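A.B. asks: coords below, sequence missing:
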Ligand SMILES: Cc1nn(C)cc1-c1nc2c(-c3cnn(Cc4ccccc4)c3)c(Cl)cnc2[nH]1
């Protein structure tokens, strides 16, 4: 891969490993410091046996290829990767304030000004991604991290693809909550799937749970998604509900485009145009 040719060939002995920062399906993430420079990173360790069992090697290569070439303040950098006989290591930017979903769990829900700033940052990241013909396809709190100044960073590209590829088979695993009708119904999908997920994310940030969630039944969630059975609590402001309703639209072509989200009253009410949008 270009990454290895461009960069020095890393290995585990280049790093001092610190505490575990978090766990994911195929491995853990550790605090680590590169010995030569003292540069602190997040080192994601994935077990080859686990990856092979779940046939996600191709997805991992895509994640490395895509994220390795992205440069944006709201997208977590992938500096490089290396592997040994049993593990793959991704050298990632350290998000100093950890995982967004833990903050959402701790607070229950975010205030509208905080949610507006996060949505503005997500929109900027998606404008960049879509300009590079990359669809993320898996925007949800678990994949979002927080930088030193509370700025949001998209941390996981395991499900992203370059446009034009639909692989429904490998998409329908894990929670349906964030998936748009066209994916759950196995139809062709475009970058407009990320607009739907942005609407789900805004709803969950303001209400503490995704709009179509049904803990007991996958089937019910599925039916609520395709019928867009959306109920917005009264505490949500008129502007916020208007933006949610303009994103959670069954027909992907009718969802509010990214460049219109930035100008939406819910965003402009809290995020002056053109100013930095970190939330601390
Ligand atoms: C700092 C900090 N404090 N706390 C409590 C957490 C952090 C922090 N975590 C990260 C993390 C991080 C950690 N876990 N995860 C989830 C995960 C783990 C394994 C595979 C897939 C997904 C991401 C990263 Cl990548 C990048 N930066 C991180 N920073």
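C.D. replies: Structure's in. What do you need? Just so it is clear, the structure is predicted and the values come from calculations on it, not from any experiment.

A.B. asks: so which elements touch the longest helix seen in the chain?
C.D. replies: The longest helix of the chain (DSSP state H) is helix 112-131. When contacts are defined as 3 or more C-beta pairs under 8 Å, 6 or more residues apart in numbering; DSSP states H and E, helix 112-131 packs onto strand 152-154, helix 193-207, helix 238-247, helix 258-261, helix 265-268. C-betas here are computed from N, CA, C, even on glycine.

A.B. asks: how far does the helix or strand following that helix sit from the chain's center?
C.D. replies: Counting by DSSP states H and E, the next helix or strand C-terminal to helix 112-131 is strand 134-135. A distance of 12 Å separates the centroid of the chain from that of strand 134-135, by C-alpha atoms, centre = their mean, to the nearest Å.

A.B. asks: over to stretch 140-159?
C.D. replies: Worked out by C-alpha atoms, centre = their mean, stretch 140-159 lies 6 Å from the chain centre.

A.B. asks: give the buried residues for the longest helix of the chain.
C.D. replies: Buried residues in helix 112-131, defined by neighbour count with 16 or more other C-beta atoms under 10 Å: 112, 114-130.

A.B. asks: redo the helices and strands packed on helix 112-131 as CSV? Include mean neighbour count, mean pLDDT and distance to residue 37.
C.D. replies: Converted to CSV, the helices and strands packed on helix 112-131 look like this (neighbours: other C-beta atoms under 10 Å; pLDDT from 0 to 100; distance: least, C-beta to C-beta, whole Å):
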stretch, mean neighbour count, mean pLDDT, distance to residue 37
strand 152-154, 24, 96, 21
helix 193-207, 24, 97, 35
helix 238-247, 18, 98, 42
helix 258-261, 17, 97, 36
helix 265-268, 18, 98, 38
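
A.B. asks: not counting the longest helix of the chain itself, show me its contacts.
C.D. replies: Here helix 112-131 makes contact (C-beta atoms under 8 Å, 6 or more residues apart in numbering) with 70, 72, 74-75, 100, 110, 135-136, 139, 144, 151-152, 154, 160, 191, 194, 198, 201-202, 205-206, 237, 240, 243, 258-259, 261-262, 266-267, 269-271, 277-279.

A.B. asks: try it again at 6 Å.
C.D. replies: Contact with helix 112-131 is made by 72, 74-75, 136, 152, 154, 191, 194, 198, 202, 205-206, 237, 240, 258, 261-262, 266-267, 270-271, 277, 279, as judged by C-beta atoms under 6 Å, 6 or more residues apart in numbering.

A.B. asks: just stretch 9-26 next, same as before
C.D. replies: Against stretch 9-26 from outside (C-beta under 6 Å, 6+ apart): 28-34, 46, 50-51, 80, 82.

A.B. asks: do that again at 8 Å, thanks
C.D. replies: Identification of contacts with stretch 9-26 by C-beta under 8 Å, 6+ apart yields 28-36, 41-44, 46-47, 50-51, 54, 56, 80-82, 84, 89, 91, 98-99, 156.

A.B. asks: ok, of those residues, which come out buried?
C.D. replies: For the contacts of stretch 9-26, buried by 16+ other C-beta under 10 Å: 29-34, 41-44, 46, 51, 56, 80-82, 89, 91, 99, 156.
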